[in-house]
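Trainee: Could you look at this predicted model? Sequence included:
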Amino acid sequence: MPFPATRMRRLRGTATFRSLVRETELSPDHLIMPAFVIAGEGIREEIPSMPGVERHSISNLVEHAGEVAAAGIGTMLLFGIPSTKDEYGTGAYDDEGIVQMAVRALKEAHPDLTVITDVCLCEYTSHGHCGIPDADGRIQNDLSVELIAKTAISHADAGADAVAPSDMMDGRIGAIRFQLDEEGHADVPIIAYSAKYASAFYGPFRDAAESTPEFGDRRGYQMDPSNGAEAVREAELDLEEGADMLMVKPATPYMDVIRRVKDATGAPVAAYHVSGEYSALKAAALNGWLDERQAVLETLTGIRRAGADAIITYYAKEAAGWLQ
Ligand code: PBG
């Protein structure tokens, strides 16, 4: 029925009507808070390019996790910054490594908190790549997969509730699934960074995690920002290999990819609202250029509307406060 019989504004007239017909729900249940754990004692330092986000040594991280949980966030995603790095990233799969120790401490202090670990070598390698380069600087896939799978097992051994491989090597989901099952971790889910793009928006994270590559870039393994169909193929491969949840990363420049992956697979999808997306909003807010609360909740609602079940965001704790 055309105008004037149909007036779309009628159901926008009151808050009650608006909430009756609201399609997308955003609640703290959908949010995952990333955290950086650093070797050392008594450290709680702000990351200059990410105002409001800190690196914590283990005991401070445990305290911080208590605050995150109290705000209503049930899940954290953990990144480690070790004291030393080497060519093979041995700190990543060391049972006494920074993430392994932090997971044990977190699970002991907060048994109800769900702890996901990021599984990658880049924070642990001296060259800063997510895998092991050969003499020509090309990242070797199968050797890297072996070490990445080893890392995932050691995280699960330490008590991680789920592992999230972010390296973009081929075949790593299958290798991790096989070894988790072999080692008695058949119930530990894999959250696969399936469509991880070679993005400028990781800049602040690389400051935080000290993981900027020493030579070259990540375009030999992360995805080309121009590609969408390829993301669907990556997602389907990860599902075949045993992924439980798929991830698209970053989030806002790739909303169409979130939707395509969701529609093509029907699988649970997470979107990572990454460091640069956080810092861009934060900088505008600190300058008084945007209403932070409204801009952040609108962004997160948009990511949910695009098809994300879960959102990993540095705004998780603050957003949970706004949503209560
Ligand atoms: C490591 C990893 C990165 C991020 C998550 N895991 C950085 C990268 O690939 O350089 C980025 C997260 C963010 O920017 O918030 N493989």
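Mentor: Sure, I can see it.
Trainee: Please make it C-alpha for all contacts and neighbour counts, starting now.
Mentor: Fine.
Trainee: Quick check: next helix or strand after the helix or strand harbouring residue 16?
Mentor: Here residue 16 sits within helix 15-20, counting by DSSP states H and E. As assigned by DSSP H and E, the chain's next helix or strand after helix 15-20 is strand 31-38.
Trainee: ok, that next one near the ligand or not?
Mentor: No. Legend: contact between strand 31-38 and the ligand by CA under 6 Å from any ligand atom is lacking; minimum distance shown is 8.1 Å.
Trainee: Off-centre distance for that strand?
Mentor: 9 Å (CA atoms, centre = their mean, to the nearest Å).
Trainee: Run through the neighbouring helices and strands of it.
Mentor: strand 54-56, helix 58-70, strand 75-81, helix 98-109, strand 310-313, helix 316-323 (3 or more CA pairs under 8 Å, 6 or more residues apart in numbering; DSSP states H and E).
Trainee: could you check the angle helix 98-109 makes with the longest helix along the chain?
Mentor: In the chain, taking DSSP state H as the definition, the longest helix is helix 141-158. Calculated by axes from the mean of the first three to the mean of the last three CA atoms, to 10 degrees, helix 141-158 forms an angle of 20 degrees with helix 98-109.
Trainee: Could you dump the helices and strands packed on strand 31-38 into CSV and include mean neighbour count, distance to the ligand and mean pLDDT?
Mentor: Below are these laid out as CSV (neighbours: other CA atoms under 10 Å; distance: least, CA to the nearest ligand atom, whole Å; pLDDT from 0 to 100):
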stretch, mean neighbour count, distance to the ligand, mean pLDDT
strand 54-56, 22, 13, 97
helix 58-70, 19, 18, 98
strand 75-81, 23, 8, 98
helix 98-109, 21, 14, 98
strand 310-313, 24, 8, 98
helix 316-323, 19, 13, 98
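Trainee: got these as TSV, with distance to residue 14 columns?
Mentor: TSV is the format used below for those (distance: least, CA to CA, whole Å):
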stretch	distance to residue 14
strand 54-56	41
helix 58-70	32
strand 75-81	35
helix 98-109	45
strand 310-313	29
helix 316-323	20
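Trainee: low-scoring stretches of this structure, by residue?
Mentor: Nowhere does the chain drop to pLDDT under 70.
Trainee: Show me which residues of it are close to the ligand?
Mentor: Counting by CA under 6 Å from any ligand atom, the chain sits next to the ligand at 120, 122, 130, 166-167, 201-202, 205-206, 274-275.
Trainee: hang on, residue 45 in a strand?
Mentor: Yes. Counting by DSSP: H, G, I helix; E, B strand; the rest coil, one finds residue 45 located in a strand.
Trainee: rewinding a little: so for the helix holding residue 16, what gets flagged as buried?
Mentor: By 16 or more other CA atoms under 10 Å, helix 15-20 has no buried positions at all.
Trainee: Dump it to PDB, keeping only the CA atoms.
Mentor: The C-alpha trace of helix 15-20 is given here as PDB (Å, rounded to 0.1, in the frame of the first residue of the first chain):
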ATOM      1  CA  ALA A  15      10.400   4.000  22.400                       C
ATOM      2  CA  THR A  16       8.100   1.100  23.100                       C
ATOM      3  CA  PHE A  17       7.200   0.600  19.400                       C
ATOM      4  CA  ARG A  18      10.800   0.900  18.400                       C
ATOM      5  CA  SER A  19      11.800  -1.800  20.800                       C
ATOM      6  CA  LEU A  20       8.900  -4.000  19.700                       C
END
